[in-house]
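Undergrad: I would like the atomic coordinates for the input below:
(one chain, ligands or ions: 1)
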Amino acid sequence: MMILPSQASFSPSNGRLSGEQVNRAVRRLKDLRGLFADEAAFLAMDPEQIVYEVHAHDACGPVEGGLFFGVSTLFPGKVGQEYFMTKGHIHERRNRGEYYWGIEGRGALVTMNERREATVAVIEPGSLHYVPGNTAHRIANTGNVPLVVGACWPADAGHDYDAIAERGFPVRIVEENGAPVVRNREDERDGR
Ligand SMILES: O=P(O)(O)OC[C@H]1O[C@](O)(CO)[C@@H](O)[C@@H]1O
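TA: A predicted model of the protein is given here:
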């Protein structure tokens, strides 16, 4: 019998993920153009500012039956009144689901199904969230410290951004009177 060493190192308390097969992807403000309601506020900010980074353990490549394991770190901040958020996607293979869990910080998981019905769940340390297939998803950081969220998803799920780009999600997570609230996009006159 062969005793194998750990393939990577993961700390459940702070989400730090490292090792040979761990890839790091960074998204800057300039990668999120057009997603925030307040375009003027967006243009006044540093486009190179890092909004979030994703560390993912890729042990198998994008194969059917495989799994990816990742940790997203979404930094605190706002564009106008709207909290920093991930780009958001639906899986290319539509029926693939995903697990998320809160590790550090506080935020919101926003989902949208094929009928454009949205849900919003509070993410906090220890919270667990199952995103079913056929459901677009994004997270927003509603706190003052980095939001660290773990995720596990099928390796062949893929990311489809174009399918949701035109109309976006039906809700926004914004600050009102110092607290996060859910705002319906239908209440906006323009923009998304
Ligand atoms: O791809 P997005 O929408 O920028 O989200 C960030 C990441 O969150 C995950 O859903 C989980 O880490 C990844 O699949 C994705 O790359």
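
Undergrad: Where does pLDDT dip in the protein?
TA: 189-192 (pLDDT under 70).

Undergrad: where does it come near the ligand, residue by residue?
TA: R27, V54, G70, S72, T86, K87, G88, H89, R138, A151, W153, H159 (Cβ under 6 Å from any ligand atom). C-beta here means a position set from N, CA and C on the backbone, and glycine is covered the same way.

Undergrad: Could you verify my assumption that the fourth one touches A56?
TA: No: counting by Cβ atoms under 8 Å, S72 does not reach A56; the two are 9.1 Å apart.

Undergrad: more neighbours, those two?
TA: Neighbour totals were compared for S72 and A56, and S72 leads with 23 against 17 (other Cβ atoms under 10 Å).

Undergrad: Tell me what that one is bridged to.
TA: Assessed by DSSP bridges, S72 has beta-bridge partners V54, V149.

Undergrad: Next up, the contacts around it.
TA: Y52, E53, V54, T86, I139, L147, V148, V149, A151 (Cβ atoms under 8 Å, 6 or more residues apart in numbering).

Undergrad: I'd say the third one and L17 touch.
TA: By that I understand V54. No: look at V54 against L17 with Cβ under 8 Å: they stay out of range, at 9.7 Å.

Undergrad: Spit out the residues that contact those two alike.
TA: G70, V71.

Undergrad: Now the phi/psi pair for the closest residue to D38 other than its chain neighbours, please.
TA: Excluding its sequence neighbours, the residue lying closest to D38 (Cβ to Cβ, 6 or more residues apart in numbering) is G80, at 2.9 Å. Main-chain dihedrals, G80, degrees, to the nearest 10: phi 60, psi -120.

Undergrad: Let me know the secondary structure of P62.
TA: Per DSSP: H, G, I helix; E, B strand; the rest coil, the local secondary structure of P62 is coil.

Undergrad: what's the burial count for it?
TA: Neighbour number of P62 under other Cβ under 10 Å is 14.

Undergrad: For S13, state which of the contacts of S72 is nearest.
TA: Using Cβ to Cβ, V148 comes nearest to S13 of those, at 9.9 Å.

Undergrad: The closest one against I103, yeah?
TA: Yes: counting by Cβ under 8 Å, V148 does reach I103; the two are 4.2 Å apart.

Undergrad: Next, show the common contact partners of these two.
TA: N14, G15, V71.

Undergrad: Among the residues you listed, which one sits closest to the ligand?
TA: V71 (6.9 Å; Cβ to the nearest ligand atom).

Undergrad: Was I right to think that closest one contacts C152?
TA: No: checked against Cβ under 8 Å, the pair V71 and C152 is beyond contact range at 10.3 Å.

Undergrad: These two: which is more packed in?
TA: V71 (22 against 14).
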